[in-house]
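**Student:** Here is my input, please return the structure:
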Amino acid sequence: MEHFDSIIHNIYTDINSHNQPSIIYMGVGTFAGLSYLDNNNIRRLELRDYHQFPPTLQNIYSTHKNLRLYIILIDPLQEDPLVMSTDDKLINTLFPSQKWFHNIYNETLEVYNIDRVTVYPFRYNVYTEINKERYQNSTETKSINITDYLHSLHNFSIENNVTFVYHDFTGADTFIDLEKYFNDTIQNNLDHIIYGFGNGNISGCYYDFTLRDAQLVYYMDNISKKRHMIHVFNINFNIYKFIELKKDNNYYDLTFNDYLTQMFDNFNLDDVDIISTQIENKLKIFTYDFKNFVLYVLRIIKDYNDAIISNNFTDAKDYDWFKDNYCLAKIKKELKYKILELYASNNRNIFNIVLELFASFYSIEFTIIIDNCNYKNMSPHDLMDYITSDRNKYNWVDKFDSMF
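**Tutor:** Numbering: from 1, shown residues only. I've put the predicted structure just below:
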């Protein structure tokens, strides 16, 4: 796609021309649909709804006077001109005595500039390998797969000490899936490759982005190198580092909370409070889904496994019932497909296999849970074994709750 190629090339060229700290922010679904006309017929957008320039990025921009910000706004309905370019309140707050410049180059590159901010509207639908089914057979011609572009942005950010932030306001909830999809290449850089404000716990557009848990907790490194970089607190990044550290016998007794306390040296007290809120939110969301969906799936599979062994399918659910059941609604797609494949194969060990799949897939969440429960030396698999060890599968939720 020539238009998107032009945007990416322009960003790379500009960043390579200087050594100032830089953030690339990609927002998907950034049409200012929540804007309104005030009494003077001027279009306004409340700060809480500022998807085009989220409050946390505004704060970072105003704090660091040498920071460069590159914003890619993706929406087939993106307004023209951009609301942020006509918002006098935003201009007076962040860019006093300055004005926006708007240019279109060779009909392939549209650019807005003001001070240290460059904005690129892209009026197309986008998708990735993890949600391409929705668009592959669509008659919508203005849709492109940006997976390779994201790969490129990751590599560029890693090689050039740039912070990359991606957020989807459409409610597609792809943040964690994308992070896991790219995990092999970005796992060691998840402190500056960020998928989703609020550690990926924020869904949709009707969210107050001025709330504390929507803020990026960060620090600017002071290491002398080509470019100082903004490092963002990412719970997944820290858990990966913690798991690696625990492989060293010298750190066997180290808890995740102890590890986090050491990390807090980089942040102030306000930041620590935000981090705690983000961790609590992540746990709250996962705990609900785990008890209401994961354990439900495991109960069905336990019945099916017992039926295979006994060759008595009276109490077991057939494949067609299972594949369409709501219990799979909150199970991530790649995991769901593996479970359904096993269910269709009549594997005599299906329950233990799926137990291990869940333990591995949700290792991040289980690591936090284990650190906050009464069984701190468990592995994720141990935890799953413990919860499902009760022969009465309807006691599993109570057994999970009793761990705390």
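
**Student:** Could you use CA atoms for every contact and neighbour count after this?
**Tutor:** OK.

**Student:** Now do the contacts for residue 306.
**Tutor:** The neighbourhood of residue 306, defined by CA atoms under 8 Å, 6 or more residues apart in numbering, contains no residues.

**Student:** could you say which helix or strand contains it?
**Tutor:** Per DSSP states H and E, residue 306 falls inside helix 295-310.

**Student:** Report the mean per-residue pLDDT for that helix.
**Tutor:** The pLDDT scores in helix 295-310 average 93.

**Student:** buried ones in that helix?
**Tutor:** For helix 295-310, the neighbour count (16 or more other CA atoms under 10 Å) marks 295-308 as buried.

**Student:** and of those residues, the nearest to residue 269?
**Tutor:** residue 295 (37.1 Å; CA to CA).

**Student:** Now the longest helix along the chain: buried residues?
**Tutor:** With DSSP state H setting the assignment, residue counts place helix 269-289 as the longest helix in the chain. For helix 269-289, burial by neighbour count (16+ other CA under 10 Å) applies to 271-272, 274-275, 277-279, 281-283, 286-287, 289.

**Student:** And for stretch 75-85?
**Tutor:** Within stretch 75-85, the residues that count as buried by 16+ other CA under 10 Å are 75, 76, 78, 82, 83, 84, 85.

**Student:** pretty sure the fifth one is touching residue 46, no?
**Tutor:** It stands for residue 83. No: using CA atoms under 8 Å, residue 83 makes no contact with residue 46, being 11.3 Å away.

**Student:** List the contacts of whichever strand or helix holds residue 242.
**Tutor:** If you go by DSSP H and E, residue 242 is part of helix 235-246. Helix 235-246 has contacts (CA under 8 Å, 6+ apart) with 187-191, 199, 251-252, 254, 256, 259-260, 279, 364, 367.

**Student:** Neighbour-wise, give me the winner out of the residues you listed.
**Tutor:** residue 199 (25 neighbours; other CA atoms under 10 Å).

**Student:** how close does it sit to residue 49?
**Tutor:** Here residue 199 is placed at a distance of 18 Å from residue 49 (CA to CA, to the nearest Å).

**Student:** can you pull out the strands in the stretch 151-300 of the chain?
**Tutor:** For the stretch 151-300 of the chain, strands defined by DSSP state E, counting those that start in this stretch occupy the ranges 163-168, 193-195, 218-220, 230-232.

**Student:** Quick one: list the elements packing against the third one.
**Tutor:** So that's strand 218-220. strand 230-232 (3 or more CA pairs under 8 Å, 6 or more residues apart in numbering; DSSP states H and E).

**Student:** Next: the second one.
**Tutor:** Judged by 3+ CA pairs under 8 Å, 6+ apart, strand 193-195 is in contact with strand 163-168, helix 175-181.

**Student:** can we see that at 6 Å?
**Tutor:** Helices and strands touching strand 193-195, by 3 or more CA pairs under 6 Å, 6 or more residues apart in numbering; DSSP states H and E, are strand 163-168.

**Student:** picking that back up, export the strands of the stretch 151-300 of the chain to JSON lines and append columns for distance to residue 100 and mean neighbour count.
**Tutor:** Shown next, in JSON lines, are the strands of the stretch 151-300 of the chain (distance: least, CA to CA, whole Å; neighbours: other CA atoms under 10 Å):
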{"stretch": "strand 163-168", "distance to residue 100": "23", "mean neighbour count": "23"}
{"stretch": "strand 193-195", "distance to residue 100": "28", "mean neighbour count": "25"}
{"stretch": "strand 218-220", "distance to residue 100": "28", "mean neighbour count": "15"}
{"stretch": "strand 230-232", "distance to residue 100": "26", "mean neighbour count": "22"}
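
**Student:** Same list (those strands) but as JSON lines, adding distance to residue 324 and mean pLDDT.
**Tutor:** Output for the strands of the stretch 151-300 of the chain, formatted as JSON lines (distance: least, CA to CA, whole Å; pLDDT from 0 to 100):
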{"stretch": "strand 163-168", "distance to residue 324": "27", "mean pLDDT": "96"}
{"stretch": "strand 193-195", "distance to residue 324": "29", "mean pLDDT": "96"}
{"stretch": "strand 218-220", "distance to residue 324": "42", "mean pLDDT": "91"}
{"stretch": "strand 230-232", "distance to residue 324": "39", "mean pLDDT": "94"}
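
**Student:** in the protein, which helix or strand is least confident?
**Tutor:** Every helix and strand of the chain was ranked by mean pLDDT, DSSP states H and E. The lowest is helix 133-136, at a mean of 68.

**Student:** just checking, residue 126 is part of a strand?
**Tutor:** Yes: judged by DSSP: H, G, I helix; E, B strand; the rest coil, residue 126 forms part of a strand.

**Student:** Name all residues that make contact with it.
**Tutor:** Residue 126 sits next to 143, 144, 145 when contact means CA atoms under 6 Å, 6 or more residues apart in numbering.

**Student:** Format the residues you listed as CSV; extra columns: secondary structure and pLDDT.
**Tutor:** Shown next, in CSV, are those (DSSP: H, G, I helix; E, B strand; the rest coil; pLDDT from 0 to 100):
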residue, secondary structure, pLDDT
143, strand, 85
144, strand, 90
145, strand, 92
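
**Student:** what's stretch 110-125 in contact with?
**Tutor:** 68-76, 78, 100-104, 142-143.

**Student:** What about those residues, which are in strands?
**Tutor:** The strands, defined by DSSP state E, take in 68, 69, 70, 71, 72, 73, 74, 101, 102, 103, 104, 143 from the contacts of stretch 110-125.

**Student:** among these, which ones are buried?
**Tutor:** By 16+ other CA under 10 Å, the ones in strands among the contacts of stretch 110-125 give 68, 69, 70, 71, 72, 73, 74, 143 as buried.
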